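>>> Return a 3D structure for these sequence lines:
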Amino acid sequence: MKFRKIGIILLILAAAAGAAIALQAKKAPDAAKLPNVEIKDYKGEKLGSVKDFRENSIKGPQKVDRDKYRLKITGLVEKPKTYSYADISDKRKHYKKIVTLHCVEGWSVKILWEGVLARELIGDSAPKPAANTVIFHAADGYTTSLPLDYIMDPKRNILIADKMNGIEMPPARGFPFELVAENKWGYKWIKWINEIELSDNPNFKGYWEKNGYSNDGDLKKGFFD
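Have a look, this model is predicted:
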């Protein structure tokens, strides 16, 4: 009888150990996930880092809720749309491009940006003939604008990025989306985009433009009007 009890106890312990191993096996995939690792070069070209950017936003880094986030396409369009983060980040074709951001403060950073083409996103809303300007709005109230022709030019391939150097856009850099305004000064690279409005007002002035910065924002020109 004594040996029988010992055998039963051993069976119970073995079953418990087996259950623990099975539970660990189920948890293993999550435990094995590695953190995003920023790449340092792309196709032989040395890149800057997300850590090289200086904080100069008007209200500090914004923390946008991924699940509640919505991007609206409004204004002079035939088909106004509202997108979730997943609608853009997971369901649309992505492109990669190395572009250097130049800040008016005198620093610059070269980054591999990845995201969707702004012209494809806007094109799906069918801009009306009167539209000539794209006004971008951000979660912190920041605004800026660019000519519709600049955004829709197929030779430019302007990106709305959700990744940089192979990692998800950090909150401090503009999660969920930042405009990669190639050949424009950094104040045109709006972060935390939550609305894209099409307008017929080419003279619209955003946050810094109202404070004397050039509405054009062209790198080849000065940044003050």
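>>> which residues does the closest residue to Thr143 other than its chain neighbours contact?
Nearest residue to Thr143 in three dimensions, chain neighbours excluded: Gly206, at 4.0 Å (Cβ to Cβ, 6 or more residues apart in numbering). Quick note: C-beta positions are derived from backbone N, CA and C, even for glycine. Contact analysis of Gly206 by Cβ atoms under 8 Å, 6 or more residues apart in numbering lists 135-136, 142-145.
>>> first vs last residue of stretch 108-125, how far apart are they?
34 Å (Cα to Cα, to the nearest Å).
>>> Offset the numbering so it begins at 18, please.
Got it, the first residue is 18 from now on, which makes the last one we talked about stretch 125-142.
>>> Please report the distance of Gly158 from Gly77.
Relative to Gly77, Gly158 is positioned 12 Å away (Cβ to Cβ, to the nearest Å).
>>> related to what we said a few turns ago, in JSON lines: the contacts of Gly223, plus pLDDT.
Below are those laid out as JSON lines (pLDDT from 0 to 100):
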{"residue": "Ile152", "pLDDT": "98"}
{"residue": "Phe153", "pLDDT": "98"}
{"residue": "Tyr159", "pLDDT": "98"}
{"residue": "Thr160", "pLDDT": "98"}
{"residue": "Thr161", "pLDDT": "98"}
{"residue": "Ser162", "pLDDT": "98"}
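>>> quick one: which of these is nearest Glu72?
Tyr159 (13.6 Å; Cβ to Cβ).
>>> Give me the spatial nearest neighbour of that closest one, chain neighbours excluded.
Using Cβ to Cβ, 6+ apart, the nearest residue to Tyr159 is Tyr224, at 5.1 Å.
>>> What about the contacts of Gly223, which are in strands?
Members of the contacts of Gly223 lying in strands (criterion: DSSP state E): 152-153, 160-162.
>>> can you pull out the helices in this structure?
19-48, 102-106, 135-140, 165-169 (DSSP state H).
>>> show me what contacts Glu226?
Listed by Cβ under 8 Å, 6+ apart, the contact partners of Glu226 are 161-162, 232.
>>> For the residues you listed, which entry has the maximal number of neighbours?
Thr161 (25 neighbours; other Cβ atoms under 10 Å).
>>> Where does the prediction get shaky in the chain?
For the chain, residues meeting the criterion pLDDT under 70 lie at 18-52.
>>> Identify, by residue count, the longest strand of it.
Counting residues, the longest strand found in the chain (DSSP E) is strand 125-134.
>>> still on that earlier bit, distance of the residue nearest to Thr160 from Asn53?
Gly223 is 31 Å from Asn53, by Cβ to Cβ.
>>> Cool, thanks, signing off.
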